[in-house]
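J.: what would the 3D arrangement of this be:
(2 chains)
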Amino acid sequence: MPDALSALRDTYFSLNSQIDALSIACRTQDQRDALNAQLASAQKAYYTAVNQVFADDDAQVATLTTQLNTANTTITNLAEQMGDMTTVLNTITNVVALGARLAALATG
Amino acid sequence: MLGLTACKDNDDARAAASQLATTTDALTGYYTTLRTLTVQTDQLNALEKAIVQTQYDAGLRKLLLDREKQLDERIALAKALAAVAHSLSSLTAAKTADDASAAANGLEQQLDGMTPLANAGEFHSLVESSLAPALHLLVEKLQAHKDREAAQALDATVKAIAELFRKESPGYTEIQLDYVQESETMAEALVRRGQVDETAAIEPALAPLGLTARLAPNPADPNLPQRLLPVLVQQIQDRGAALGAASQAATAAMQASLDELAKRVHLVAVGSPMRMRLKPPALATVEKWSAGVTAAVPAAP
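T.: Here you go, the predicted structure:
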């Protein structure tokens, strides 16, 4: 069973560790706002998941965690893609959306 | 634990009570350190919002404030357990049972309304099936001066506290990791903005020779700060990794200490010899970590 919390942590930590460089690379305030909204969403998913629990035997949790782990590899080093911030933001948005779907499966 | 006459050997009982007191004092220190890290993480998020202009809104902040409150609950629980242990290790046997009973009552009250910090489902299950009944029994038996049963209830209580720590420890790890990554992010952002004194990076060359750095703008080499940047970033990452590893070692050591303590209290409760006189050895790792964090990080309000 892949570790859902670890996958959500990786998403948030990966984005947060690059947020300064990404923010500087944004061309417009709208891009910056969109970037910050994604970071906040990733942080919320991670924080919320910490004090909840994912069912060990939930196939949907397993599938989404595997997908998120794979998606996380696309945001580990965004420096090389910062020339095209529209694509970078789309990539980030897709990963964070996947994380939000996974976090929604955690139960209190 | 003089009042707990289930023990064949009062020296063993007193030693176990003393070790329970030492271990729960360390547990209080452990939770207090986690709370300090949580408060610092909140402040680092606020700093990140100011410097990088991220969105650290009230909703996100509330999640960290909730965590602070949950840690306050655990600090209070550990202190209440320490109060039970200190009263049981008192040398005045006649007063011991009444003091311990009052302290156990305080411990039971601390548990009431406690919220899960991690692993919510298992937290509720553990509290309802083990910890709350053991504590209730402890209060009842101490009040009735039924020493043998009280010793057994204390045994169950310590086991349940160790189990609670085990269930929640993944959450404790996240608190530590979150603080480390947040401080690394902010440190790197400040280095990139030229807001950090780079002299620390050249200390390894000078300190062994008894020299002190003085980096000043150098017209002959204006790019020096830029070239030092990756050195500083690497230093931040290396120290962050070391801090993270020390934190996780402290959590593992706290768990090992609680497990060891539970074994010792159990020996006393069943009337077997308990010859250990030193505190659980892993406690030194916890105390060193707490002292290190306290020295490096401003105390939380």
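
J.: how much space separates residue B:65 from residue B:31?
T.: Look at residue B:65 and residue B:31: by CB to CB, to the nearest Å, they are 16 Å apart. (C-beta placed from N, C-alpha, C; glycine too.)

J.: the more surrounded of those two?
T.: Taking neighbours as other CB atoms under 10 Å in any protein chain shown, residue B:65 and residue B:31 compare with residue B:31 leading, 25 against 14.

J.: I'd say that one and residue B:70 touch.
T.: No: between residue B:31 and residue B:70 there is no contact under CB atoms under 8 Å: 9.6 Å.

J.: show me where chain A has helices.
T.: Under the criterion DSSP state H, chain A contains helices at A:4-25, A:29-50, A:59-72, A:85-103.

J.: any stretches of the stretch 51-200 of chain B with poor pLDDT?
T.: Applying pLDDT under 70 to the stretch 51-200 of chain B flags residues B:90-95.

J.: and it, which residues reach chain A?
T.: Applying CB under 8 Å from any CB of the partner chain, we find that the stretch 51-200 of chain B lies next to chain A at B:52-57, B:59-60, B:63-64, B:67, B:70, B:116-122, B:170-171, B:174, B:177, B:181-182, B:184-185, B:188-189, B:192.

J.: could you redo the last one with a cut-off of 7 Å?
T.: B:52-55, B:57, B:60, B:63, B:116-122, B:171, B:174, B:177, B:181, B:185, B:188-189, B:192 (CB under 7 Å from any CB of the partner chain).

J.: just the ones of those residues in helices?
T.: Going by DSSP H, the helices hold B:52, B:60, B:63, B:120-122, B:171, B:174, B:177, B:181, B:185, B:188-189, B:192 from those.

J.: since we're on the residue in the stretch 201-301 of chain B that chain A sits nearest to, how many residues are nearby?
T.: Residue of the stretch 201-301 of chain B nearest chain A, by CB to the nearest CB: residue B:237 (9.5 Å). Residue neighbour count, defined by other CB under 10 Å, stands at 14 for residue B:237.

J.: what does residue B:127 give?
T.: 19.

J.: list the contacts of it.
T.: Contacts of residue B:127 were listed using CB atoms under 7 Å, 6 or more residues apart in numbering or on different chains, and they are residue B:111.

J.: look up how far residue B:28 lies from the closest residue to residue B:131 other than its chain neighbours.
T.: Spatial nearest neighbour of residue B:131, chain neighbours left out: residue B:160 (3.9 Å); criterion: CB to CB, 6 or more residues apart in numbering or on different chains. Separation of residue B:160 from residue B:28 (CB to CB) stands at 17 Å.

J.: backbone dihedrals for residue A:74, both of them.
T.: Residue A:74 adopts backbone torsions of phi -80, psi -10, taken as degrees, to the nearest 10.

J.: my guess is it meets residue A:90, correct?
T.: No: if you go by CB atoms under 7 Å, residue A:74 and residue A:90 don't touch, sitting 10.6 Å apart.

J.: so between these two, which is more surrounded?
T.: residue A:74 (15 against 12).

J.: what pLDDT does the residue lying closest to the more buried one once chain neighbours are set aside get?
T.: Setting aside the residues directly before and after it, residue A:74 is nearest to residue A:91 in space (CB to CB, 6+ apart), at 5.5 Å. You'll see residue A:91 listed with a pLDDT of 97.

J.: quick one: residue A:91 from chain B, how far?
T.: 19 Å (CB to the nearest CB, to the nearest Å).

J.: hmm, residue A:75 and that residue touching each other?
T.: Yes: at 6.4 Å, residue A:91 counts as touching residue A:75 under the criterion of CB under 7 Å.

J.: so which of these two has more stuff around it?
T.: Just comparing residue A:91 and residue A:75: by other CB under 10 Å the higher neighbour count belongs to residue A:75, 22 against 16.

J.: what helix or strand does residue B:274 sit in?
T.: Under the criterion of DSSP states H and E, residue B:274 resides outside all helices and strands.

J.: returning to that earlier point: can I have the buried ones of the ones in helices among the residues of the stretch 51-200 of chain B next to chain A as a ChimeraX selection?
T.: In ChimeraX syntax, the buried subset of those is picked out as below (16 or more other CB atoms under 10 Å in any protein chain shown):
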select /B:52,60,63,120,122,171,174,177,181,185,188,189
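
J.: nearest to residue A:43 among the ones in helices among the residues of the stretch 51-200 of chain B next to chain A?
T.: Here the nearest of those to residue A:43, counting by CB to CB, is residue B:60; it sits at 5.9 Å.

J.: and stretch B:173-191, how far from the chain's centre?
T.: Stretch B:173-191 sits 19 Å away from the centroid of its parent chain (CA atoms, centre = their mean, to the nearest Å).

J.: what does it rub up against?
T.: A:9, A:13, A:16-17, A:19-20, A:50, B:34, B:37-38, B:40-41, B:44-45, B:47-48, B:51-52, B:67, B:196, B:229, B:232-233, B:236-237, B:240, B:243-244, B:247-248, B:251.

J.: in chain A, where is pLDDT below threshold?
T.: If you take pLDDT under 70 as the line, chain A has these spans: A:1-2.

J.: run a quick neighbour tally on residue B:205.
T.: 10.

J.: starting at the chain centroid, how far to stretch B:245-258?
T.: Its chain's average C-alpha position is 9 Å from that of stretch B:245-258, according to CA atoms, centre = their mean.

J.: tell me the mean pLDDT over that stretch?
T.: Here stretch B:245-258 scores 96 as its mean pLDDT.

J.: next one: stretch B:292-299
T.: Rounded mean pLDDT across stretch B:292-299 is 83.

J.: tell me which residues of that stretch come out buried.
T.: Of all the residues in stretch B:292-299, those buried under the rule 16+ other CB under 10 Å are residue B:293.

J.: contacts for that stretch?
T.: Stretch B:292-299 has contacts (CB under 7 Å, 6+ apart) with B:33, B:36, B:37, B:40.

J.: closest to residue B:274 out of these?
T.: Among the contacts of stretch B:292-299, residue B:33 lies closest to residue B:274 (CB to CB), at 29.3 Å.

J.: counting contacts, what elements does the helix or strand where that closest one lies pack onto?
T.: Element membership of residue B:33, judged by DSSP H and E, is helix B:10-52. Contacts defined by 3 or more CB pairs under 7 Å, 6 or more residues apart in numbering or on different chains; DSSP states H and E place helix B:10-52 against helix A:4-25, helix B:58-88, helix B:147-192, helix B:224-269, helix B:283-296.
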